[in-house]
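Show me the folded form of this:
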Amino acid sequence: MGVTVDVHQVFRYPFEQVVASYLRKYPSPMEKHVTAIKTMEEKTDLSTGIIYRRRIATCQNVIPGILRKVSVLKVSDIYLEEESWLNMQERNMVMKSHCLTWTQYASLSEESVFRESLENPNWTEFIQKGRISITGAGLLNCVLEAFAQTFLNQGVKKGIRIMEALLQEQCGCPFS
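Presented below is the predicted three-dimensional model:
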């Protein structure tokens, strides 16, 4: 089965500022569940200028305690891997993320893009598609997927609020 999330958000700030805010978004006191981000690899393709980054996020396990009675869910941290390709010339950044924890039971993947808005070159569009599938947990599959759907939707809203706050702090008023 699985659950999905689709996001389309326009930030009324230039691409360069949105990407800079995104890259410093976590860890943050505004989101206590993301405890660390570590850049594992960063390189620039000299022929295209595209900057590739691979980062690992450490997140607190937010699965409710009652569900953590299942031994496989009883972990303190969850790890996510994000790969990104930043093309300043084309003014876009593509990101792909997946979960490194519970890979035998769950699949979490996200594909996201920041790009210059077609509506206004001083604005930035954010498009994200995410999917979580739970398998191997028997009757708990549906319960865990329902929790994941709620958590994903709340996480997307919180992530956008954090981005807006960082942009406001960094740049001041949005561009019109």
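
Once you drop chain neighbours, what's closest to residue 16?
Once flanking residues are discounted, residue 16 sits nearest to residue 88: 7.5 Å by C-beta to C-beta, 6 or more residues apart in numbering. In short, each C-beta sits where N, CA and C put it, glycine included.

could you measure that neighbour against residue 62, distance?
With the distance defined as C-beta to C-beta, to the nearest Å, residue 88 ends up 35 Å from residue 62.

packing partners for the helix or strand hosting residue 84?
Assigned by DSSP states H and E, residue 84 falls within strand 77-87. Taking 3 or more C-beta pairs under 8 Å, 6 or more residues apart in numbering; DSSP states H and E as the contact definition, the neighbouring helices and strands of strand 77-87 are strand 51-60, strand 92-99.

Let's have these in a markdown table, adding mean neighbour count.
Formatted as a markdown table, the entries for those read as follows, by neighbours: other C-beta atoms under 10 Å:
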| stretch | mean neighbour count |
| --- | --- |
| strand 51-60 | 16 |
| strand 92-99 | 17 |
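
Now do the strands for this protein: every range, in order, please.
3-11, 34-44, 51-60, 77-87, 92-99, 106-116, 124-134 (DSSP state E).

nearest to residue 142, of those?
Distances from residue 142 to each of the strands of the chain were compared using C-beta to C-beta; the minimum, 8.2 Å, belongs to strand 124-134.

That closest one pairs with which strands, parallel or anti?
Based on DSSP bridges, the strands next to strand 124-134 in the sheet, each with its direction, are strand 3-11 (antiparallel), strand 106-116 (antiparallel).

Can you add mean pLDDT and mean neighbour count and give these back as JSON lines?
Conversion of the strands paired with strand 124-134 to JSON lines gives the following (pLDDT from 0 to 100; neighbours: other C-beta atoms under 10 Å):
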{"stretch": "strand 3-11", "mean pLDDT": "93", "mean neighbour count": "15"}
{"stretch": "strand 106-116", "mean pLDDT": "93", "mean neighbour count": "18"}
